[in-house]
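In: with the input below, show me the fold.
(2 chains)
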Amino acid sequence: MRYPVLKGHLLVVIFVFLSSFAFSQQIEYIVPLNLNQQSWSNFVKEVEATTNYRFFYHSDSIVDFQINIASDGLSLEAVLSENLSTQQYYFSIDAEHNVFVSKNQALKAELPPGFIDMTQSYVADSSLTDQTESSKDFLSTTKTYVAKTLVVGSAREGVHISKATVSGYIKNREDGLAVVGATLYIPQLETGTTTDALGFYSLQLPKGKYRLVVNSIDTEEGKYELQVLSNGKLDLLLDKKVYALDEVIIKSERYDNVRGTQMGFEKISTKSIKEIPTIMGERDIIKVALLLPGVQSVGEGASGFNVRGSPADQNLFYINNVPIYNTSHLFGFFSTFPPDAISEFTLYKSNFPAKFGGRLSSIFDITAKDGNKKNFSARGGISPITGKLLVEGPIVKDKSSYLVGVRSTYSNWVLKLIENPEIKNSRAGFADAVANFSIALTPKDRIKILGYYSYDDIKMANHTQFNYENIGTSVTWNHVFKEKHNFELSYIYSNYGFGEENSEFQLEAYKHSYRLKHNEVRAGVTLRPNNDHRIAIGVNSVLYMLDQGEHLPLNSESLIDGVDLGQEKGLESSVYISEDWDISPLFSISAGLRYNFYSYLGPQDVYSYVEGAPKEIENITDTTSYGNNEIIKSYSAPDFRLAAKYIINPNLSVKASFNTLHQYIFMLSNTIALSPTDKWKLSDSHIKPMSGQQYAVGAFTNLAKNKLEFSTEVYYKRVKNLVEYKDGADLLVNEVPEVDVLQGELEAYGIEFMLKKPFGRLNGWVNYTYSKSMVVVDSDIPGNQTNFGKAYPANYDKPHALNLVLNYKFSRRLSISGNLVYATGRPTTYPSAIYYQNGMQVLHYSMRNEYRLPDYFRVDLSINLEGNLLAKKLAHGSWNLSVYNVTGRKNAYSVYFTSENGQVKGYKLSVFGVPIVSLSYNFKLGNYAN
Amino acid sequence: MRIKSIHFVMLIPIFLLACVDEYWPNVDRYEQLMVVDGMITDEPGPYEVKLSLTAPANDPSYIPLSGCFVSIVDDLGNTEILKEFEPGTYRTDSNGIRGITGRQYKLIVHRDDERSYETAFETLPLATEIDSIYTEIEYKEDKDLHHELAGLQFYLDSKRAKQDTNYFMWRGEATYHYESDYTIRWYYDGSLEWFHGPDSLYHCWKTYPLNIFFLQSTLALNEPIIKRLPLHYVNTQTRLLSVRYSLLMRQFSLSQRAYAFWETLAEMNTQQGSLYTNQPYQTKGNLVNTTDLSEVVLGYFLVTAVAEKRIFVDRPNNLPFYYPTCSLDEADFEAYGALHWADPVFYPIYAIETNGGRRAVPNQSCVDCRRHGGTINKPDFWIDPW
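Out: Numbers count the residues shown, from 1 in each chain, chains lettered A, B, ... in the order given. Next up is the predicted model:
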């Protein structure tokens, strides 16, 4: 028996941190002579079969060779030392008869003091509740790879039961943080579970002996021999993955690909993207999301993204439950999420968990990092445009922690360098901050508090000034009861606003403001009656308060009349229930029902229009006034969430899902990309909520001994009541938006292929998507059509998209990464004819989006250099040199036409039409591995 | 209510790496559509209506539409038939119809037996006077030079309109006086002759249309009065301001519908390339096929009231000018010696004499101002400052 998964390199790093412990000499095992001239693998097999020695080595790094046993009576140590040294291998043997073999590095197989005692804690208690009350916050072993049997419960307790519940926490050994979303798997039973937001899991198993495999996105795999005697608690510590050692740029949870019920989802940790090339040295999770299948944007620098053919306002961004209503810095060039403070993000493109709702196309769920519960730590970095700093540490050691990360542009020197006086007089600054507190009240109760802030301050050429801010906070109380159930209660607040001052036209110089407030309460419980069932029930309620703003004269020279665009209020509430049911080890289904109640509330004056006529100011017949909190209009509708998975063989599964969703808030935007002054608006008595449904089917397979993951998904979706606009609508200063709004339908379908190599020196992924997204806005009323009622491709419809992301590690310190991006050019409207008015050339345009921009192609490269690998050092630094758009291809951002001196001219604008080189430096306290 | 949206193009150069290249896409489909361009005003006629067809966008040309039967009808039932005065241009009689404020007018076009077109009746609005047009010295970036140049920014104020809501459009025409760099002493047309009236090719006047129109409504304003409406900008890199400059602005009062048309036209023809613009879309005019409402007819027949104002501006003192001027070099003196070799098609050839008595034949555009496109005839409206 071998344990090839173990990685020798990793052991070194971990063991050097362990304090020294006397090597205990074992009773000598004499190697029999008949093993002479055996192959190494046979030798290992033989020794393991006849003794209690266990070998640990990386099967890739030890090439098979012949064992020489010179004489009889040699100890194992002597034989190994004789044979391995000639092969340049090192080994060590610990007190538990574990033999660690590695290449190049000697292992110190020493164990921490108290090791033996600690294993005793697995011998479980007789009364679960009592035990937890009295136990320390965390009891566990450091012995993760040791294949000693962990005993759960006691034989006495288990006499009368056949099944037992094993539950506990999985934590990170180094900082004591919960390992969220870790998967526990029992290969013999083909059953498993995952840990929740607190790292808690619960498994029901027949009494017996099992192998338990634990995996998670940012820890090493743990393997355990488990003997289940009765109910009991089993906490496990996993080692943090030390990426630079031997992998990994991206890792969705490994076995999820085939075994997980989820489809249409991507989970990526920020650590794993640190080598991806950047623009101006800013790592950006949204830019990484754009490299995933089914995610598009209308152009470089456009805000947000488009998931599976849907508009950008159909995505919901959460950071620890706080919805973020504007995710862009500098109008879209960077995202407002500081990567250092984020541990991972999950993008749901289909198969939405029932606890999520309110947007039709995706949920982008960001998890902020929890602070280190053991030690103070700090990290920071500097790029051409920003500086950042993050500190974290325990508030109460092992119990509570804090983390505060800030990022800010440090000057406008880039702008000052430019000759153009208009730019010289411009200013572009932004900042963001995340503060995350995790407080353990009792072992079962935890409070998490998140604070979020982002800010932009932009001035253009002395005449236009913008500022934006997002403020958000969430307080979440989590309670575990009966060891396996989980209750969560959250209060969530988010506030988004912008202000604009514009004096470009003195006559009409104005200032404008907008604000959205989101207040939400959410409660949910997750029940695990047994391994095969997982039930989630919850409620949530959001109170939206929108101030559509005021449009006021900026100064005394401005002649405009001030306009108050009014307030809006809406209440969106939902109840949901969902169940994940493993019908058999191979077949599982997940079903959810989410019922939404939405009310548009007063105070408000609502206009009535002539029936059958287009909604226009001239057609207003009546005005109804509603008092504060009076219900103006209510909508309610169920969302259905269904998913099924069938495992055809251990390396192949098929999954299918059907989802319906409703959306009650949308962006008033008729520009090609979301514009800086676009506003969120609530559905009201005239503008109906949007609804969507999506069908998806996929096949998931692991190839080449799990080294490669391949998946393909086909989807079809429809959106009803899609919000579109009349031609030429002005949405910034619009007292009656319903006059300019038209509602249509969107139809999108596509197929996505993804091949991923999550591990190894060379890792990365390649994906190809074929998709289509069409919009139609038709009506019997002539003015209520766009594009004459004919279907047209959505602005972000890019049928062919190919993304290649690769990372190659030359050594622990040096790696290179590259991206290759290809996509069909986005649809655009070109002039189909020219005519003359008053002697000037004038353009006549084609049907909407009849043509396409030239195709998009880009290659990025980056080199990462880590500082030295000394174990004892104060701080560790790393450099990243990125080149964005290496080929300097002038990708068309837009093609536009303008009349100059009576003549029409066409232009192509490229945003990043040259290679962009940036160098950034990051540091952290401690050494490379910390 | 609509307020012109901000020019977001400014955002792009923030990232200094953006670049703009001239580009014309391959557009394979071309629609040949009917176009109208004309107006009736409260000024005395004759009024002109032009009918034409659209041309392919990559091969622009004016394609007049001849042989139509065109008439203007008022709300009292009077009909004025327009005569085709040159291909595609139809004109009222100079003693014919005259637009009157408050009355309604429409255009009727019979293209052939099958196709007839009409506009809806539009009321001729009330005219509003221009109060003043004035200039201010401003410094603006020159696109090619990449540094700031001084120049004059023109502004316009209107008088208070008599009604609250007004839709204005301005079109303009400028005339400038400019001078040659040298006065002529001799001319050669086979033999060398003394040039009488050395100033006669020295002063020229050139008139050009502004090729841009300005729009503003008083809808969002607290008073129906236009102040400091920015017009065009003239820098010091040309001879436009070198002597004296005159600007004639015509202020058209429009209906809301006409204003919306021209506003859309402006928007569709001054795209900024930023993504924060709307999708371009088709702009139908006000002429409609009476039997096939779906036919797209472009252009607009305006029913409008006009006010106009002309101002004169002298060369601004204390401003540096950067327009190129002639300087004599040896080749010019040698050219004088080679006069008799010159091809007679170039006759007459003008020559100058320096203070030192040396004769030279400089580039003829340095001595004959007509070569810059102007005329030596002073326009009738021209008023000199002295």
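In: now do the helices in chain A.
Out: A:8-16, A:40-50, A:76-86, A:115-120, A:128-134, A:243-246, A:256-259, A:285-289, A:413-416, A:421-424 (DSSP state H).
In: now the second one: buried residues?
Out: Spelled out, that is helix A:40-50. Neighbour counts using 16 or more other Cβ atoms under 10 Å in any protein chain shown place A:40, A:43, A:44, A:46, A:47, A:48 of helix A:40-50 among the buried residues. Yep, even glycine has a C-beta here, placed from its N, CA and C like the rest.
In: and these, which is closest to chain B?
Out: Closest approach to chain B among those (Cβ to the nearest Cβ): residue A:40, at 56.6 Å.
In: so the closest one touches residue A:55, yeah?
Out: No: the pair residue A:40 / residue A:55 is not scored as a contact, 9.6 Å apart, by Cβ atoms under 8 Å.
In: tell me what the lowest-mean-pLDDT helix or strand in chain B is packed against?
Out: Lowest mean confidence among the helices and strands of chain B (mean pLDDT, DSSP states H and E): strand B:19-22, at a mean of 84. With contacts defined as 3 or more Cβ pairs under 8 Å, 6 or more residues apart in numbering or on different chains; DSSP states H and E, the packing partners of strand B:19-22 are strand A:903-910.
In: partners of the strand it packs on in the sheet?
Out: strand A:894-900 (antiparallel), strand B:19-22 (antiparallel) (DSSP bridges).
In: for these, which one sits closest to residue B:279?
Out: Set against residue B:279 and scored by Cβ to Cβ, the strands paired with strand A:903-910 come closest in strand A:894-900, at 11.1 Å.
In: okay, buried residues for that closest one please.
Out: A:894, A:895, A:896, A:897, A:898, A:899.
In: ok, now how distant is residue B:136 from residue A:516?
Out: According to Cβ to Cβ, to the nearest Å, residue B:136 and residue A:516 sit 41 Å apart.
In: which of the two has more residues huddled nearby?
Out: residue A:516 (24 against 11; other Cβ atoms under 10 Å in any protein chain shown).
In: packing partners for the lengthiest strand in chain B?
Out: Longest strand of chain B, by residue count under DSSP state E: strand B:297-314. Using 3+ Cβ pairs under 8 Å, 6+ apart, the elements in contact with strand B:297-314 are strand A:831-837, strand B:34-41, strand B:104-110, strand B:130-141, strand B:244-254, helix B:256-269.
In: other residues contacting the first one?
Out: When you say that, I think you mean strand A:831-837. A:841-846, A:850, A:897, A:904, B:27, B:29-33, B:35, B:37, B:50, B:52-57, B:60, B:62, B:265, B:280, B:298-300 (Cβ atoms under 8 Å, 6 or more residues apart in numbering or on different chains).
In: do the fourth one as well
Out: Counting by Cβ under 8 Å, 6+ apart, strand B:130-141 makes contact with A:420-422, B:147-159, B:231, B:233, B:235, B:247, B:249, B:251, B:307-309, B:311, B:313, B:316, B:319, all of which sit outside it.
In: one more pass at 7 Å, please.
Out: Taking contacts as Cβ atoms under 7 Å, 6 or more residues apart in numbering or on different chains, the residues outside strand B:130-141 that touch it are A:420-422, B:148-159, B:233, B:235, B:247, B:249, B:251, B:307, B:309, B:311, B:313, B:316, B:319.
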